[in-house]
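> Predicted model, plus sequence, below.
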Amino acid sequence: MVHKIARQVVTYLKPPLSFEDMVSAGAVGLVRAARDFDPAHKAEFKTYAYIRIRGAILDELRCWSFVPTNLNKRIRQAQQLTRKITEETGTAPSDSELAERLGITVEELYETFENARAQHFMSLDDSSEESPALGRLLAAPHSNSPNEHIEKAELVEKLAEAIEQLLEKQRQVVLLYYQQQLTMKQIAEIMEITESRVSQLHASALFSLSTKLRQWKDGRL
């Protein structure tokens, strides 16, 4: 399980981090899961361990994910412009349109997306107030609280709508990565494209989904 989860985040890695660092962090998460697990809660250890391992790996990744100030500024500009265009036209801008409006190349835009994803600035992989955990939402988790169940059901509905509005290749990457839990390499083989192109599509899709869900949260959708 540790190695499987570590392989899922290989695309995010930047020096000095390595795959071995992710495995080490995951192993620490596994040890902590074994130490803290309480069978009285009637949860499977495998499920509990998965959450702790993934959390430890993402924490390690986040600690080393530094983005220069100029890229942070570009990320904010891209988010603001995407929201503006979406509100004005009802449709999210294409990558080429957004790059043109920002005055940068499409490759520079993808670099912006990937840096943002690496530091979990807008990634839906992490679970926080502004970024729901996409993997867990697609897995249709159960909730004990009626209020939580209703809120999550509404969020899942909005997420499903947002995914349906993605470009076909973006949608395919999202579903294969989160629902089928395939690696970027495996997805590249299935779609017959390069692994770097899969990474670009993934980063672009997350940016689009994040923007749509934040607009919904703010009451603008």
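Sure thing, it's come through.
> How about stretch 85-104, which residues are buried there?
The neighbour-count check on stretch 85-104 (16 or more other CB atoms under 10 Å) flags 85-86, 92-93, 95, 98-99, 102, 104 as buried. For the C-beta atoms, the positions are set from N, CA and C on the backbone; glycine is no exception.
> Cross those against helices and list the overlap.
Per DSSP state H, helices hold the following members of these: 85-86, 95, 98-99, 102.
> Would you point out the most distant pair within those?
Taking CB to CB, the two most distant members of those are T86 and A99; they sit 15.9 Å apart.
> Quick one: the strands in this protein, in order.
With DSSP state E, there are no strands along the chain.
> Show me what counts as buried in the biggest helix by length in it.
Longest helix in the chain, counting residues (DSSP H): helix 195-217. Neighbour-count burial for helix 195-217, counted by 16+ other CB under 10 Å, picks out 195, 197-216.
> repeat for stretch 21-39
Applying 16+ other CB under 10 Å to stretch 21-39 flags 21-30, 33 as buried.
> Same check on stretch 56-65?
For stretch 56-65, a neighbour-count test (16+ other CB under 10 Å) marks 56-58, 60-61, 65 as buried.
> roughly how far is it from the heart of the chain?
14 Å (CA atoms, centre = their mean, to the nearest Å).
> Could you do stretch 71-91 as well?
That offset, for stretch 71-91, works out to 18 Å (CA atoms, centre = their mean).
> Going forward, count from 44.
I'll keep to 44 as the first residue from here, and by that count the last item is stretch 114-134.
> tell me the mean pLDDT over it?
Average pLDDT, stretch 114-134: 84.
> How about stretch 140-150?
92.
> Run through this protein and note the low-pLDDT ranges.
54-55, 57-58, 107-112, 159, 161-195, 260-264 (pLDDT under 70).
> which residue sits farthest out from the middle of it?
In the chain, the greatest distance from the average C-alpha position (CA atoms, centre = their mean) is reached by A83, at 31.8 Å.
> separation between it and D102?
From A83 across to D102, the span is 26 Å (CB to CB, to the nearest Å).
> just T125 next, same as before
Per CB to CB, T125 is found 28 Å from D102.
> How about T254?
From T254 to D102 the distance is 25 Å (CB to CB).
> A231 too?
Distance from A231 to D102, by CB to CB: 27 Å.
> next one: E130
35 Å.
> Same check on R50?
17 Å.
> Check whether V241 really touches I233, as I assumed.
No - with contact defined as CB atoms under 8 Å, V241 does not reach I233; the gap is 9.4 Å.
> rewinding a little: can I get the buried residues of stretch 99-108 in JSON lines including distance to A205?
Shown next, in JSON lines, are the buried residues of stretch 99-108 (distance: CB to CB, whole Å):
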{"residue": "A99", "distance to A205": "29"}
{"residue": "I100", "distance to A205": "26"}
{"residue": "L101", "distance to A205": "22"}
{"residue": "E103", "distance to A205": "29"}
{"residue": "L104", "distance to A205": "25"}
{"residue": "S108", "distance to A205": "25"}
